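Peer 1: A structural model of the following input is requested.
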Amino acid sequence: QVQLVESGGGLVRPGGSLRLSCVASGTVFSINDAGWYRQGPGKQRELVAHSTRGGASTTYVDSVKGRFTISTDNAKKAVYLQMTNLKPEDTAVYYCNAQGMTRTLIEFNVWGQGTQVTVSS
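Peer 2: Below is the predicted model:
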């Protein structure tokens, strides 16, 4: 069984940076697709960054382009979201999603538990 554990959230001032991590445990062979989602207060969950083909291709929602970077490290079975120049509107609970294959060639599609990011002075 594959599980994702997120870390790296916290309180940061506007203009600051944070790096979110999402590490997979279990019999993971590869992470092929990954995404970081967020849900702000009173808002619907939105996809902010997506990675396919093991990180070879990435896409971002317009509001984070140039500020956020998603990356996948299959050696560490981890997905990261580097966030820079953070703004108050980035405040949300961030969730990671990973899709891939286990060592027994079973596909998985799992979610992390969420981590709070608060941007405030």
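Peer 1: Report the central residue of the protein.
Peer 2: With the centre of the chain defined as its mean C-alpha position, the nearest residue by C-alpha atoms, centre = their mean is Trp36, 3.4 Å away.
Peer 1: Run through the bridge partners of it.
Peer 2: Ala49, Cys96 (DSSP bridges).
Peer 1: how deep is Glu46 tucked in, by neighbour count?
Peer 2: Applying other C-beta atoms under 10 Å, we find 12 other residues in the vicinity of Glu46. Heads up, the C-betas are built off the backbone N, CA and C, glycines and all.
Peer 1: let me fix that: Arg13
Peer 2: Using other C-beta under 10 Å, Arg13 is surrounded by 10 other residues.
Peer 1: Tell me the confidence at the closest residue in space to it that isn't next to it in sequence?
Peer 2: For Arg13, ignoring the flanking residues on the chain, the nearest one in space by C-beta to C-beta, 6 or more residues apart in numbering is Ser121 at 5.4 Å. In this model, Ser121 is scored at 95, pLDDT.
Peer 1: Number of residues surrounding Ser121?
Peer 2: Neighbours of Ser121 under the rule other C-beta under 10 Å: 8.
Peer 1: That'll do, ta.
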